[in-house]
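1. pasting the structure only:
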């Protein structure tokens, strides 16, 4: 609790200067989308096994220690295990009696249920890993610019792309700030005798509740300040804004995407 | 180890701390910081931002992941596995830079009562402590007891935060930038209050600041930090004599010292270890041959 930032890495950007970091943000966003589609298409373990080397390669190329990524997923994994337990126990499929390993009332454990839960787990982990990697390797400026450029054509349909992207990016950017804020609050309250670093899971969760009110208040204040800051600096979204840095996709970017598409199709067909 | 019999109330022994150690976002807070603070001492820990002051403050109440053998309270290692951290936090009171962060309850009275209640005091005792602390800070108990904290001004909120810590009757009181955001009158009042409290309760008082203006009137000793290490440690006047070095470290000097520094242009040997305007004046008059 006193070092919450160690366990929650969502929305964090870690600069290592790797080739993945330097890649065009649009390529990374497209790649993430390809992986998201793949996670729905791949429906057996062999398919995920085919994807695995690719994911490992991304992890190594990013130069971000894998331990850091995994530790950051601890809270998320606990949640996943909880959901999977339900998935297995209440598996509703049409299961022949011989496949039940255990059965009691509406609760059951069947091989088929375990199999589906296993696939589901891999899907969720893949989604988590790939979106986390996108965040860890792409600065917010790049992410904003990339999204704006990609969604640009929608502006013709009068979709307020800039505003939507801005809201999305600010939402993500605020997560690490809140985590930091929570850590600071927890530290100050610990000093006053609220032992955040002791006690069981439920007591800890209840103590977290005490942090919510101040977090919300500071959150509103922060949003207010940001709005004023943007107004005083004459922020306005839209086509009139120019970019200091223009994005250019290079042939190697297209090559990466083509390779990725081919690889994921292979995994989906497996 | 402690020839005078009593161990120092706080001791840092080659204290080093790295935030998020072992992750790609690790950043060094302090390195090899050592000092001892005796009971009843009035110490100012001064340095520019990022000098490591706050890390040192957090270590006093074990608010960081500490390594054993670096931080001692009354001679005991606070990072020892069986050390009673809750007791440590009842004895070392910290007023943080942003008072909002340490206010737990919505209502003033309830918040000040939080510490004493958590420490297991009876309702009557707690009420007495709350009344005493609020009155001491110039927030009359009957009037402020039921006020909402969020409806108070910044200065009042800081007082509530201080009252919450005072109500604990801690032998050690640590204040991180207590004067930030206060108007001149609020500063003067707080300064007088702290001087009085320290004397009455024989407190060990530790004040953290990037400015020596108020700290020089409140403390007898300065520990000057820069880049996560201690660069000077000594009696206030001794430290003030090294005025050029302090200015180099981006530390705000007290007004009399600033004046004295100007005077050095006329009198190269003009002393800079001056605490008050009066001292500056008499020194100046002496030079001019009036006195």
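-> Now that the structure is in, tell me what you want to look at. Quick caveat: nothing in here was measured; it's all calculated off a predicted structure.
2. Let me know the helix or strand that residue A:127 is in.
-> helix A:111-137 (DSSP states H and E).
3. Close to chain B: what parts of the stretch 1-150 of chain A are there?
-> Contacts of the stretch 1-150 of chain A with chain B, taken as Cβ under 8 Å from any Cβ of the partner chain, map to A:2-3, A:5-6, A:12, A:14, A:16, A:64-65, A:68, A:71. C-beta coordinates here come from the backbone N, C-alpha and C atoms, glycine included.
4. Which positions within the helix holding residue A:127 qualify as buried?
-> By 16 or more other Cβ atoms under 10 Å in any protein chain shown, the buried positions in helix A:111-137 come out as A:113-117, A:119, A:121-130, A:132-137.
5. Helices of the stretch 101-250 of chain A, start to end?
-> Along the stretch 101-250 of chain A, the stretches classed as helices by DSSP state H, counting those that start in this stretch are A:111-137, A:140-151, A:161-191, A:201-232.
6. In three-state terms, label the residue nearest to the spatial centre of chain B for me.
-> What sits nearest the mean C-alpha location of chain B, by Cα atoms, centre = their mean, is residue B:207, with 1.8 Å. The local conformation at residue B:207, judged by DSSP: H, G, I helix; E, B strand; the rest coil, is strand.
7. Could you list the domains of chain A?
-> Annotated domains of chain A cover A:1-138+A:248-270, A:158-239 [automatic domain parsing].
8. Can you tell me which of those domains is nearest to residue B:142?
-> domain A:158-239 (24.2 Å; Cβ to Cβ).
9. hmm, the closest one in reach of chain B?
-> Yes. Domain A:158-239 reaches chain B (Cβ under 8 Å from any Cβ) through A:184-185, A:187-195, A:197-198, A:210, A:213-214, A:217-218.
10. In ChimeraX, select just the buried ones from those residues.
-> ChimeraX command restricting the residues of domain A:158-239 next to chain B to the buried ones, with burial defined by 16+ other Cβ under 10 Å:
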select /A:184,185,187,188,189,190,191,192,193,194,195,197,210,214,218
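11. picking up where we left off before, pick out the most distant pair among the residues of the stretch 1-150 of chain A next to chain B.
-> A:2 and A:16 (26.3 Å).
12. how about low-confidence regions in chain B?
-> B:1-4, B:290-291 (pLDDT under 70).
13. Quick check: residues of it near chain A?
-> Checking chain B against chain A by Cβ under 8 Å from any Cβ, the hits are B:19-20, B:23-25, B:58, B:61, B:63-65, B:85-86, B:89-90, B:92-94, B:96, B:98, B:100-104, B:106, B:114-115, B:118-119, B:150, B:164-165, B:168.
14. from these, which ones fall inside helices?
-> B:58, B:85-86, B:89-90, B:114-115, B:118, B:164-165 (DSSP state H).
15. circling back: for the residue nearest to the centre of chain B, give me its contacts.
-> Going by Cβ atoms under 8 Å, 6 or more residues apart in numbering or on different chains, residue B:207 touches B:42-45, B:174-175, B:178, B:194, B:214-215, B:218-219.
16. Check residue A:264 too.
-> So residue A:264 contacts A:34-35, A:37-38, A:41-42, A:51 (Cβ under 8 Å, 6+ apart).
17. Out of those, which end up buried?
-> A:34-35, A:38, A:42, A:51.
18. which two in the residues you listed are spaced the farthest apart?
-> Maximum distance among the buried ones among the contacts of residue A:264 (Cβ to Cβ): 11.9 Å, for A:34 and A:42.
19. For the stretch 51-200 of chain A, give me the ranges with low pLDDT.
-> Using pLDDT under 70, the stretch 51-200 of chain A drops low at A:93-99, A:197-199.
20. same thing but 50
-> Under the criterion pLDDT under 50, no range of the stretch 51-200 of chain A is flagged.
21. What helices and strands are in contact with the helix or strand harbouring residue B:161?
-> Using DSSP H and E, residue B:161 falls within helix B:154-166. If contacts are counted by 3 or more Cβ pairs under 8 Å, 6 or more residues apart in numbering or on different chains; DSSP states H and E, helix B:154-166 sits against strand B:92-95, helix B:108-118, helix B:123-136, strand B:172-176, helix B:184-201.
22. chain center to the last one, what's the gap?
-> Taking Cα atoms, centre = their mean, to the nearest Å, the mean C-alpha location of helix B:184-201 is offset from the chain mean by 12 Å.
23. now swap in the first one and tell me
-> Strand B:92-95 has its average C-alpha position 9 Å from the chain's average C-alpha position, going by Cα atoms, centre = their mean.
24. Okay, now the sheet partners of that strand, with direction.
-> Partners of strand B:92-95 in the sheet, by DSSP bridges, are strand B:172-176 (parallel).
25. got the angle for the partner strand vs helix B:154-166?
-> Interaxial angle, strand B:172-176 versus helix B:154-166 (axes from the mean of the first three to the mean of the last three Cα atoms, to 10 degrees): 160 degrees.
26. residues of strand B:172-176 that come out buried?
-> B:172-176.
27. Pick out whichever of those residues sits closest to chain A.
-> Nearest to chain A, judged by Cβ to the nearest Cβ, of those is residue B:174 at 9.0 Å.
28. is it true that that closest one touches residue B:206?
-> Yes. Here residue B:174 reaches residue B:206: they are 4.5 Å apart, a contact under Cβ atoms under 8 Å.
29. Now for the residue nearest to residue A:8 when sequence neighbours are not counted: which residues touch it?
-> Distances taken as Cβ to Cβ, 6 or more residues apart in numbering or on different chains place residue A:179 nearest to residue A:8, at 5.2 Å, with adjacent residues excluded. Neighbouring residues of residue A:179 by Cβ under 8 Å, 6+ apart: A:4-5, A:8.
30. Select from those the one having the most neighbours.
-> Across the contacts of residue A:179, neighbour numbers were computed from other Cβ atoms under 10 Å in any protein chain shown; residue A:8 holds the maximum, 20 neighbours.
31. per-residue pLDDT, that one?
-> Per-residue confidence (pLDDT) for residue A:8: 77.
32. same deal with the one 5 residues further on?
-> The pLDDT attached to residue A:13 in the predicted structure is 86.
33. What about it, how many residues nearby?
-> Using other Cβ under 10 Å: residue A:13 sits among 19 other residues.
34. Let me know the helix or strand that residue 49 is in.
-> You didn't say which chain, so I picked chain A. helix A:45-62.
35. mind listing what's buried in whichever helix or strand comes after that helix?
-> The helix or strand immediately downstream of helix A:45-62 is helix A:66-71, counting by DSSP H and E. Buried residues in helix A:66-71, counted by 16+ other Cβ under 10 Å: A:68-69, A:71.
36. what's helix A:66-71 in contact with?
-> A:6-7, A:9, A:14, A:59, A:129, A:132-133, A:136, B:23-24.
37. ok, of the contacts of residue A:179, which one's closest to residue B:54?
-> Among those, and counting by Cβ to Cβ, the member closest to residue B:54 is residue A:5, at 15.7 Å.
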